[in-house]
Structures are given as structure tokens and as C-alpha cells.
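Asker: Got a predicted structure here, sequence first:
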There are 2 protein chains.
Amino acid sequence: MAAARVRSGGRPTLEEVAARAGVGRGTASRVINGSPRVSDATRQAVEAAVAELGYVPNRAARALAGNRTDAIALVVPEPETRFFAEPYFSAIVRGVGAALADTEMQLLLTLVGNDRERRRLAQYLTAHRVDGVLLVAVHADDPLPELLEQLGMPCVISGARHAAEPLPSVDSDNFEGARAAVEHLVSRGRHRVATITGRLEVYGAQRRLDGYRAAISAAGLAPDERLIAPADFTEEGGAAAMRDLLARRPDLDAVFVASDVMAAGARQVLREADRRIPEDVALVGFDDSVVARHMHPPLTSVRQPIEEMGRRMAQLLLDEIAGRTPGDERPSVVLPTELVVRDSS
Amino acid sequence: MAAARVRSGGRPTLEEVAARAGVGRGTASRVINGSPRVSDATRQAVEAAVAELGYVPNRAARALAGNRTDAIALVVPEPETRFFAEPYFSAIVRGVGAALADTEMQLLLTLVGNDRERRRLAQYLTAHRVDGVLLVAVHADDPLPELLEQLGMPCVISGARHAAEPLPSVDSDNFEGARAAVEHLVSRGRHRVATITGRLEVYGAQRRLDGYRAAISAAGLAPDERLIAPADFTEEGGAAAMRDLLARRPDLDAVFVASDVMAAGARQVLREADRRIPEDVALVGFDDSVVARHMHPPLTSVRQPIEEMGRRMAQLLLDEIAGRTPGDERPSVVLPTELVVRDSS
DNA sequence: CAGGGTATTGGGAGCGCTCCCAAATGGGGT
DNA sequence: ACCCCATTTGGGAGCGCTCCCAATACCCTG
């Protein structure tokens, strides 16, 4: 009873569908692909045959004949563990998945770890095994984007690499998010607001710092470089930076931290230094990760619409694949952030 | 300068490689696919040609001719947000990625949200667009595994659905993890140990409860159903269950919670009830998620080797695809857990 | 030295689809 | 009634590869 489904020739082919509908293979193909050059009667006949036979096009044959793959790759640099942490990875994937849901596009997940895998990826892409590429967490010095450009392979990156990003990109408004966070601290009466930054080679980290600076001067506060401590997006780095800050400006009354994870490190140091949060020092993070919600006290944080970013990336890529008109700007999307106020500020 | 790479015929084909090596197409194919029936001299000639031409096989052609795809799908039910949360999703993906790294296999990510997408997936699989499927977070009543079975599509699931799981599966030792956690609590002098369970239709949640029971009786403690509160893996559920427990047995001195997220909810309730952790009530969670590390106090938790689970799933699936010998048992792997002791116990 | 393997090799026959050209069909216009 | 053009249709020619059969070359036996 179980294996009775096997037909003479396996799955039905276009040829069989065409025969069943009493039309030629070409016509059947046209219907399947939604060409307008088919009469209504014919279309209906073919559609009926498709339904009766349960026909599903063979992807491999399509790819071979049509010289495309109907697949895009999401390339994730594995060393970038930050990206793998909540909330990034799953949110991006969900967004991309959502955008692709009513498309024929497949999503290929490609983790790039060591150099060997990097080369394999390059080979991969060179061999045109995908129609386009989604690149997340690319470093400014990554050769991959240029390679893709040369190959003419459509590509969208998340997070511009610098102010004049040539590639289509999707980013959250790091500047404005940081600015709003600091403004919020100032509005709560804090006047000695410090910041712990991410790795400043990362453009987004730089923009957050810019936003901090903008808010400080907009508030008419005196900028003080001793209130700025660079770190590296890690919990330990955040802790170290916090120690520096306390040493340099023991009188600080607020800290804007460029990531929740670093904020967790900072909070630990503040606790050891017996500073109460938020009474003595107000704290604001960035990312609105699960860490923020479960910190003690819950951390005010800047939320990025990450799932939406994934969705937009995918849409942008689909547009690129469909054909960017030469005259068009390379589209670059910047999405707004949202300040989630909790008890730490 | 940019688009000068385009060769006469695009990428080199097998035919061209064969010509360059001075052999026939069949022979070249044999070399590429590592057939032993080729002389050393010929093999070297072909390999040289491959290198010189930078030949990479065309996947679509291969798939069409060979009736396989060299791709597997990781199917993720999107409603199962629990799975998307840290640490599951990214860890599984990393593990799977690692296992596939030195394989020609591609990883297809398939999110299944609503029913429409479910049907599309079924169609997908029916059309044999992948060589095998990794199924995570399947419910006991999910029809998908049976469908795959019928289709003869190799498949591995994470988390057995019940004691007599017919499909190849990879799981962590939920029973032993829970047992060890409770034993740990008892060894710390706790004698009124409660538990908050996950949804008991989930086999893993049931096993954790079994482990709890085993440890209680092994310790010679009196089992008490009032110490057992069912919940649903959510933070709110954990909080509600904790309230119940406190109402029923105000004298409890420890709680084993079947997930960190529920533990977070429970902790909140304990704080409101002015119970100190761990002095008044010791707490142990499950998953060792990022929440556990950042809870206050840091939460003792049972760690599952999730990345390793992903790796094993992929390996199992590759074996299945390579051909399960009919006589073989369906392999089912159970990996050990590890108790990570922190300040909450 | 003949006979019967065995180890290699070449290349035909598709796999199922898209692309595209040529053929067939159906109206209008004059 | 005739011709021209737009619309619709059929099906040949591949896409690049694997499978497999037949051909060739080579090596032992007796």
C-alpha cells in the first residue's frame, strides 16, 4: 500500500502534462511560466493537466536549460560569533525567509569559517551556483564584495561598510538610535554621560559614536574624550571599558553602551563598584537582545528592526536579480530604530 | 576592465576539460568523481586540465543527469519560536554546517510557517528537490515524518517524538540531565525539591520529568505531586507554575525548571515573594542559554551539546543518503548533557 | 602462440526544461 | 475574394552531465 505511488517514469514531466492537455511542450511551458502569449482555453487545459498529474517542474532541468538557479545564498562568516548571538541570526533568517516565502527562490545557507571554506565559496559563486548573494557582517576589508561585483553577481549587504557604500545595503539607523538614547539619558537629568563603543572599524559602531557626540553637543554639554571608551562588542571588553571610565571620570552618571552584551559586562563592574542602577548610574544598551530583558534591572536598549532588515535585504536582492536598470541608483535602505525604555535608565 | 572575464562559452565544461587533457568525456567524468577505474597517468592529465581551466562541475547538469541534488534541507517550523531562541537555532545550524563543510552537500534552509507553506514543502519534497531532510522541533502529531517515510526520503529528526521513535534521531539525554540536576539539588541539602515541566506532549519534557522523579526516589525522598507543576516552556508559564507551587507547598526549598526561560519567569515570582536565591530556594534551569548566564544570580543549568547534535544529525543523514543497509538498525543517538553549576543553587 | 580474461577508454543516449524559429490560425482592411 | 499582420502554437536544438555499452589494449594462462 505504501510504495504504490511510483509511476512508470517517476514524476510527471512537462511532456506528459502537455500530452494530457493536448498541447505542445512549448505551450505547456508557457503556461507554467505565466507567459501572456497563450489563449485562455489552452491555459485552462494545461492547468487542469498540471493539477491532475500533480506536476512540479524539475528544478535541475530548469536551471540547466535556463541558466539560472532560483536560489540565493545567505553567506555568514562563522568567526563572527557576534552575529550568531541573539537576536541577529535567527531574526535575519526569519526576515529573509518571509520575503522569499511566496517566491520560487530557495535559500542556501553558507557558513564561511576558515580560509579553505572561503575559497570554496568563491569557487561556488564563480560557478554561478546561485542567482544572488546576501552578505551579512562583512568587514570593511573583505574581498568578497569586490569579487561579486566583478562577477556581476547580484549582492546585498547588511550594514554599510563606510559612508560611501557602493553596494546595495540595508542598515539600521545607528546614528539616530544612539542619538535618541543619549538624548533620553540627558532628558532624565544626566549630565555626565559616558559611552562604551564597539570596534570602531565597524562603520555601525562609528555611527553610534557619532550619534552620541551629536546628542552631547545638541544638549549643550561639554564633550570630554575621557567619557568615551572604545571596546570590542564582547562582555569582557565592556567590563574593561567600564573600569577605565570609572577610573577616569568617577563622577559619571550615565553610560550609553553600544551593545547589550557589553552593557552586561559594564553592569557587572558597576555592581562591583557599588554603583546602583539607575540611581547612581543610568545604563542604556543597544540591540534589545534577550540579555537586556533579563538583566537586573532590565536594560533600556535601542531596538533594531532586524527581521525587517532581513526582509528588505531579500527584496532588494530579488530586485537586483530581476535586473537593475543601469540608470538606477544602487538602493540603500536605512531603517529606524526604537528606544525601549526599561528600569536601567 | 571589469567584464573582461567572460570566456567564449562561459564556464568551462567537462567536454573542454576532456579535450584539454586529451581524453574522452567519460574518462574525465570518472576522474572528477573519483572512480578507481582510471589509470594514474590519465588521472593526472585530467586533474591538470581541471586546474588550468578552473573547472567546476555544473551542479544543475549533474543533478539532472544523476537524479540527485547534493542538497539537504533543514526544515524549521517557524511557529516554534522556542526553537528560534538562543541557543538552539544558531547552534544547530553551526553543527550542521560543520558536518557539511567538507562535503559537496548544500544546506537549504526551509522555514515552514502557515499551512500554505507546509503544503509547498510537501510538494517540494515530493518533487525530490533534496536528497534528505533534517527535521527539528517536530511535534508528535506532525504528518511530515510519515510523508517522508512514504516517499523514501532520507530523514533525521532532532528529539525523539516518543519512546519508540522509528526515525533516525538525535537527542540529548533529557532524563539523565534532569536526574543529575535534581541529584545536585539534593546533595546541597534540599529535601523539598519541586519541578516546573515543559509541555508534556513533548517527549523531551516528559523525560525530564521522569528524570526528576527518578532522582527524588533514588534520594529516598517522598514523592509529592504537589511539587510538580506543568507549564509550557514560556516565561509567563514558568511564572504561573511557580505561583502554584508556592501556594501548594510554601515550604519548598528548591525548584528544577525544565527550561531557562521558564526559570526566568519563576525567579521573578520568587523575588516578588521575597524568597532569596539560593538561600531560601535553589533554582536549576535547562538549556544553559544566555539567559542563564545573565540572570541574577547566574542560573545553574543543564547544558545540551546542541552544536554537536546538529553535527550528528547531518552525519546520520549523510549515512542514510549514502544508503542504509536494510538490515541496519535505524540509528538513534543520545548525547550526554552537562550540569553547569552557578550561583543559583 | 592462441584464447580468455581484465583494466581502460570513448562516446551515444538521454535527464527535463527553456529558447526560439517557423508554421498555423484568425481577423481586418481594401 | 485576397493579402497582410498579429496571435498562438508546435517542436527542434541544445544546456552539461552521468550512465552504460561496446571497443580497445594489455596480460596471463596452458
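Answerer: It's in. From a predicted model like this one, the values you see are computed outputs, not experimental measurements. Numbers count the residues shown, from 1 in each chain, chains lettered A, B, ... in the order given.
Asker: which stretches of the stretch 101-250 of chain A form strands?
Answerer: Counting by DSSP state E, counting those that start in this stretch, the stretch 101-250 of chain A has strands at residues A:106-112, A:132-136, A:155-158, A:169-172, A:193-197, A:228-230.
Asker: tell me the domain ranges of chain A?
Answerer: What automatic domain parsing lists as the domains of chain A is A:3-49, A:71-171+A:308-334, A:174-303.
Asker: Now tabulate those in TSV and tack on mean neighbour count.
Answerer: The way it works is simple: take the backbone N, C-alpha and C, and place the C-beta from them, glycine included. Formatted as TSV, the domains of chain A follow (neighbours: other Cβ atoms under 10 Å in any protein chain shown):
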stretch	mean neighbour count
domain A:3-49	15
domain A:71-171+A:308-334	19
domain A:174-303	21
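Asker: and these, which one's lowest on average pLDDT?
Answerer: For these, mean pLDDT drops lowest on domain A:3-49, to a mean of 84.
Asker: re the thing from before, would you mind giving the domains of chain A as a markdown table with distance to DNA strand C added?
Answerer: Below are these laid out as a markdown table (distance: least, Cβ to the nearest atom of the strand, whole Å):
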| stretch | distance to DNA strand C |
| --- | --- |
| domain A:3-49 | 3 |
| domain A:71-171+A:308-334 | 10 |
| domain A:174-303 | 39 |
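Asker: Out of those, flag the one nearest B:Leu185.
Answerer: domain A:174-303 (22.0 Å; Cβ to Cβ).
Asker: Spell out which residues of the stretch 201-345 of chain A are next to chain B.
Answerer: With Cβ under 8 Å from any Cβ of the partner chain as the criterion, the stretch 201-345 of chain A meets chain B at residues A:Ala264, A:Ser289, A:Val290, A:Val291, A:His294, A:Met295, A:His296.
Asker: which residues are contacting whichever helix or strand the first one is part of?
Answerer: Applying DSSP states H and E as the criterion places A:Ala264 in helix A:260-272. Here helix A:260-272 makes contact (Cβ atoms under 8 Å, 6 or more residues apart in numbering or on different chains) with A:82, A:85, A:196, A:198, A:231, A:233-243, A:246, A:255, A:257, A:277, A:280-281, A:283-289, A:291-292, A:295, A:299, A:301, A:344, B:294.
Asker: coming back round to it: in strands, which of the residues of the stretch 201-345 of chain A next to chain B appear?
Answerer: Among these, no member falls in strands (criterion: DSSP state E).
Asker: tell me the two of the residues you listed that are most distant?
Answerer: A:Ser289 and A:His296 (15.0 Å).
Asker: From the contact counts, what lies against the helix ranked longest in chain A?
Answerer: Across chain A, the longest stretch assigned as helix under DSSP state H is helix A:306-323. In terms of contacts (3 or more Cβ pairs under 8 Å, 6 or more residues apart in numbering or on different chains; DSSP states H and E), helix A:306-323 is packed against strand A:71-77, helix A:88-100, strand A:132-136, strand A:155-158, strand A:169-172, strand A:332-335.
Asker: give me that answer again for 6 Å
Answerer: Applying 3 or more Cβ pairs under 6 Å, 6 or more residues apart in numbering or on different chains; DSSP states H and E, one finds that helix A:306-323 contacts helix A:88-100, strand A:132-136, strand A:155-158, strand A:169-172.
Asker: right, and the ones you listed - which one's nearest B:Met309?
Answerer: helix A:88-100 (16.8 Å).
Asker: Check whether the closest one comes close enough to chain B to count as a contact.
Answerer: Yes: shown here: helix A:88-100 in contact with chain B (Cβ under 6 Å from any Cβ of the partner chain) through A:Phe89, A:Ser90, A:Gly97.
Asker: Most proximal residue of the stretch 201-345 of chain A with respect to DNA strand D?
Answerer: A:Ile321 (19.7 Å; Cβ to the nearest atom of the strand).
Asker: Check the secondary structure at the residue in the stretch 1-150 of chain A that DNA strand D sits nearest to for me.
Answerer: Residue of the stretch 1-150 of chain A nearest DNA strand D, by Cβ to the nearest atom of the strand: A:Gly26 (2.0 Å). Classification of A:Gly26 by DSSP: H, G, I helix; E, B strand; the rest coil places it in helix.
Asker: now it: how far from A:Val46?
Answerer: 11 Å (Cβ to Cβ, to the nearest Å).
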